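In: Sequence plus predicted model, see below.
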Amino acid sequence: MTAYLQSKGIWCIVSGAKTQPLLSDIPTAGEQAVLKLYHENCDKAWGMIYLHLDNDQKIHVEAVKDDPIQMWEALKANRDKACGMIYLHLDNDQKIHVEAVKDDPIQMWEALKAVHQQKRPGNRFNAYDDLFSIQKEEGENLQTLINRVEQAVLLIQQLRLKDFDLAKACISHID
């Protein structure tokens, strides 16, 4: 679902990265345009999510589907469900990582990512080593090999520092 919403350009609404813009006491035309765009994106998000809900889930948001603000509030009300789902699927020894933020699914996810996807040189080295060690196994088809390579490359990209720039990295290694 995340990838689908990202492909539609509305994951930022659902993930909480983009929130409803605040208006001044006397809204300007620019503020109203930004608010209108935000509501249009909320409508898109609503539609995409609604299409992927099971029938038994649709009943929870059916009453507010015409009002994007109420719809958004109804979706935010499901944050508790998201927190519960994440928490219940964690092993007992992993729950310690999310205890402090167990009422916010976004922070829970970030906390787990920080623990399990540490962006340290040793982890990046191991990821590169894994990539360069990939060999076609006997009886393996080419597509499966390609998928393993792509997965290894994706892991390397995820372990990069946020401000990674290949050109700067290359220049820094020149004596």
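Out: Received, thanks. These figures come from a predicted structure and were not determined experimentally. Residues are numbered from 1 along each chain as shown.

In: tally of neighbours for Ala167?
Out: 7 (other Cβ atoms under 10 Å). C-beta coordinates here come from the backbone N, C-alpha and C atoms, glycine included.

In: so who does it touch?
Out: For Ala167, the contact set (Cβ atoms under 8 Å, 6 or more residues apart in numbering) is empty.

In: what are the phi and psi values for His89?
Out: When read as degrees, to the nearest 10, the backbone of His89 gives phi -90, psi 0.

In: State the number of residues packed around it.
Out: Using other Cβ under 10 Å, His89 has 8 neighbouring residues.

In: what's the domain layout of this protein?
Out: Domain assignment for the chain by the TED database gives 1-90, 121-170.

In: Do you have the helices of this protein handy? List them.
Out: Counting by DSSP state H, the chain has helices at residues 2-7, 11-15, 29-52, 55-58, 68-77, 79-88, 105-116, 121-132, 142-159, 166-172.

In: Averaged pLDDT, the first one. What do you get?
Out: The predicted model gives helix 2-7 an average pLDDT of 61.

In: swap in the shortest one?
Out: Along helix 55-58, the predicted confidence averages to a pLDDT of 63.

In: got it, and stretch 150-158?
Out: Mean pLDDT, stretch 150-158: 90.

In: if we can go back for a sec, which stretch in the domains of the chain has the least confidence?
Out: Lowest mean pLDDT of those: domain 1-90, a mean of 69.

In: could you list every residue that touches Tyr128?
Out: Tyr128 neighbours (Cβ under 8 Å, 6+ apart): Ile156.
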